[in-house]
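J.: Kindly return the folded structure for what I paste below:
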Amino acid sequence: MRKQIAAANWKMNLSFQQAEGLLNQLLANPTAPGANQYVVLAVPAPYLHLAKQKTNDAVNMHVAAQNIYSKKSGAFTGETSVEMLQSMGIDYAVIGHSERREYFNEDNTLLGDKVKICLEYNITPIFCCGEALYIREVEGQNDYVTGQLQDSLFDLSADKIKKVVIAYEPIWAIGTGKTATSLQAQQMHAHIRSQIAKSYSPEVADQVSILYGGSVKGANAKEIFTQPDVDGGLVGGASLNAAEFIQIVQALK
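T.: Down below sits the predicted model:
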């Protein structure tokens, strides 16, 4: 059975005090995730230790880095390595968010390297993919996303691809208030799963969790998450509000 995941992406937000307050509010929630449901909190790098300490005893709650560097260690001032994350007990890392691709020119080859080094250190990569509006308008989204998967993921072994979480994020729906319809989300998630099945097998594809990211809110989460190939969400702005994010967690299958 595939993991159902509500992943919060705090991006570059919150002071230390605000981050601590938000963590306290989330942990005070009496509704724990179910047996196959997981909460992942992708917090800014300065708050990773705080978040790990706070969530150590929480059931099915994990901490993620928002980015990692593609090398194990070395003279790369300002970067965060997987060795550092592993030594802190961090379990997940977001790889290839559309903002990293756009603002920091991260390409599919580099992101493939990041995925591989995460897996080498037993850190689960949440690999982001998705198309811009101009691609969607000419119905090129399927080919575009397939290219991202092929270039970054499909040289992995079957055992390793099963350890990757994929997050589909239509770029036109990130931070815009626009959301793909539940049907649009399902269609792309089904396409992604079909491409994994084509490159590996249907059995492998059925084990990969695929999240939807793009203006997920408490009000629309349940409708999106009930789609058969949607296994949760990668949540941006709504994850900065404890009550809103808790509602999203509760919407998991």
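
J.: So which residues of this structure form helices?
T.: 16-27, 48-55, 82-88, 98-104, 108-120, 133-137, 141-152, 158-161, 182-199, 202-205, 218-225, 242-250 (DSSP state H).

J.: which one of these has the lowest average pLDDT?
T.: Lowest mean pLDDT within the helices of the chain: helix 133-137, a mean of 91.

J.: what does that one rub up against?
T.: Outside of helix 133-137, the residues within contact range by Cβ atoms under 8 Å, 6 or more residues apart in numbering are Gln141, Tyr144, Pro170, Ile171, Trp172. Yep, even glycine has a C-beta here, placed from its N, CA and C like the rest.

J.: So which of these wins on neighbours?
T.: Within these, Pro170 tops the neighbour count with 27 neighbours, counted by other Cβ atoms under 10 Å.

J.: contacting residues around that residue?
T.: Pro170 sits next to Gly130, Glu131, Arg136, Gln141, Ala180, Gln184, Met188, Gly214 when contact means Cβ under 8 Å, 6+ apart.

J.: And for Ser201?
T.: Ala158.

J.: was I right about Gly34 contacting Gln250?
T.: No: between Gly34 and Gln250 there is no contact under Cβ atoms under 8 Å: 9.8 Å.

J.: per-residue confidence at Ala32?
T.: pLDDT, read off for Ala32, is 67.

J.: State the pLDDT value of the residue most central in space within the chain.
T.: What sits nearest the mean C-alpha location of the chain, by Cα atoms, centre = their mean, is Ile126, with 4.1 Å. Ile126 carries a pLDDT value of 98.

J.: Look up which residues are beta-bridged to it.
T.: Counting by DSSP bridges, Ile126 is bridged to Val94, Val165.

J.: ok, now which ones touch it?
T.: 7, 40, 42, 64, 92-95, 165-167, 211, 234.

J.: export the residues you listed to JSON lines and tack on pLDDT, neighbour count and distance to Leu50?
T.: Output for the contacts of Ile126, formatted as JSON lines (pLDDT from 0 to 100; neighbours: other Cβ atoms under 10 Å; distance: Cβ to Cβ, whole Å):
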{"residue": "Ala7", "pLDDT": "98", "neighbour count": "27", "distance to Leu50": "18"}
{"residue": "Val40", "pLDDT": "97", "neighbour count": "25", "distance to Leu50": "16"}
{"residue": "Ala42", "pLDDT": "98", "neighbour count": "26", "distance to Leu50": "14"}
{"residue": "Ala64", "pLDDT": "98", "neighbour count": "27", "distance to Leu50": "14"}
{"residue": "Tyr92", "pLDDT": "98", "neighbour count": "22", "distance to Leu50": "16"}
{"residue": "Ala93", "pLDDT": "98", "neighbour count": "25", "distance to Leu50": "17"}
{"residue": "Val94", "pLDDT": "98", "neighbour count": "25", "distance to Leu50": "18"}
{"residue": "Ile95", "pLDDT": "98", "neighbour count": "31", "distance to Leu50": "22"}
{"residue": "Val165", "pLDDT": "98", "neighbour count": "26", "distance to Leu50": "23"}
{"residue": "Ile166", "pLDDT": "98", "neighbour count": "24", "distance to Leu50": "28"}
{"residue": "Ala167", "pLDDT": "98", "neighbour count": "28", "distance to Leu50": "24"}
{"residue": "Leu211", "pLDDT": "98", "neighbour count": "28", "distance to Leu50": "24"}
{"residue": "Leu234", "pLDDT": "97", "neighbour count": "28", "distance to Leu50": "21"}
